[in-house]
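curious how this folds, go ahead:
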Amino acid sequence: MANFGLQKWLRPAVAALPSRGKLGLALLLILIFLIVATPLFNRWMYPLDYEDKILYSADTTGADPFLVMAIIRAESKFSPNAESHAGAKGLMQLTPNTVEWVVERGKFSPAFKESVDDPAINIHMGSWYISGLMKEFKGNRVAAIAAYNAGPGNVHKWLKEGRWDGTRKNLGQIPFGETRHYVQRVLFFYDKYRAIYSHLIKKRNTYILPQ
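Residues are numbered from 1 along each chain as shown. The predicted structure is shown next:
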């Protein structure tokens, strides 16, 4: 009796379904929509500004462009006028001490110190700095990101004392909660920006190679 009642309910529901041809067409249209809409949605969620300046600075300093994008997103959300309570300025939130160090070690013009808010200069100094951190930590991206937030001295100390092994897997070992969450956010954005904007690097390389 229960089966009869269930069949009585299912028959009109099945009959109301579109034909296989219409159903197939509908599924195809949905698939096409998702293929088109997903990249647009991703770029809306993870926008990219100052693309040319980022790629130029990455080329000239040896920085990973996706890491620069991720740091900018985490630090300022691409707002060139951002300023922290500690005096960090611009897209990559460079502190006065970092600016002094970069200008001195990178042999940049002293005029850069007065132009930290300028997107091109801020990105260039920040790219040079993160590139240097990557070299200092022997290509360890996770440690370099931590150093960008907490300072290389602290990270070297944590690694030397065995308080953190420098891996993404053991981010929970990082003593500073702010740095721990910062590294997590930057790595998350790094994965997103590399997945969404990798075509920019391929296109740029295609353009540069013949020269």
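
quick one: the helices in this structure, in order.
Counting by DSSP state H, the segments of the chain that form helices are 2-15, 20-45, 51-61, 65-76, 96-105, 119-136, 141-150, 152-161, 177-208.

tell me how far the third one lies from the chain's centre.
This means helix 51-61. Here the centre of helix 51-61 is set off from its chain's centre by 15 Å, with C-alpha atoms, centre = their mean, to the nearest Å.

cool, and the longest one?
Using C-alpha atoms, centre = their mean, we find the averaged C-alpha position of helix 177-208 to lie 4 Å away from the chain's own average C-alpha position.

so that helix versus helix 141-150, what angle?
Counting by axes from the mean of the first three to the mean of the last three C-alpha atoms, to 10 degrees, helix 177-208 lies at 120 degrees to helix 141-150.

next one: the fifth one
Helix 96-105 and helix 141-150 are oriented at 120 degrees to each other (the same axes, to 10 degrees).

and if you look at the fourth one?
Taking the same axes, to 10 degrees, one finds that helix 65-76 is oriented at 30 degrees with respect to helix 141-150.

going forward can the numbers begin at 29, since that is how I track them
Yes, from this point I'll number from 29; that puts the last item at helix 93-104.

relative to residue 97, how far out is residue 103?
From residue 103 across to residue 97, the span is 11 Å (C-beta to C-beta, to the nearest Å). All C-beta atoms are positioned from the backbone trio N, CA, C, and that covers glycine.

higher neighbour count, these two?
residue 97 (27 against 23; other C-beta atoms under 10 Å).

tell me the contacts of that one?
Listed by C-beta atoms under 8 Å, 6 or more residues apart in numbering, the contact set of residue 97 reads 76, 82, 217, 218, 221, 225.

at 7 Å instead, please
If a contact means C-beta atoms under 7 Å, 6 or more residues apart in numbering, then residue 97 has 76, 82, 221 as its contacts.

the first one contacts residue 225, correct?
Same thing as residue 76. Yes. Contact status for residue 76 versus residue 225: in contact at 5.9 Å, counting by C-beta atoms under 7 Å.

worst-scoring helix or strand of the chain, pLDDT-wise?
helix 30-43 (a mean of 56; mean pLDDT, DSSP states H and E).

residue closest to the middle of the chain?
In the chain, the centroid-proximal residue (C-alpha atoms, centre = their mean) is residue 98; its distance is 2.4 Å.

so what's it scoring on pLDDT?
On pLDDT, residue 98 comes in at 98.

ok, residue 70 next?
Turning to residue 70, the model gives it a pLDDT of 71.

ok, back up a step: surely the residue nearest to the centre of the chain meets residue 213?
No. Using C-beta under 7 Å, residue 98 makes no contact with residue 213, being 8.3 Å away.

ok, residue 175 to residue 161 distance?
Separation of residue 175 from residue 161 (C-beta to C-beta) stands at 5 Å.

of these two, who's got more company?
Taking neighbours as other C-beta under 10 Å, residue 175 and residue 161 compare with residue 175 leading, 24 against 21.

spit out the contact partners of that one.
Contact partners of residue 175, counting by C-beta under 7 Å, 6+ apart, are 161, 165, 183.

so can I have TSV of those residues showing pLDDT and distance to residue 155?
Below are those laid out as TSV (pLDDT from 0 to 100; distance: C-beta to C-beta, whole Å):
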residue	pLDDT	distance to residue 155
161	98	11
165	98	16
183	98	19
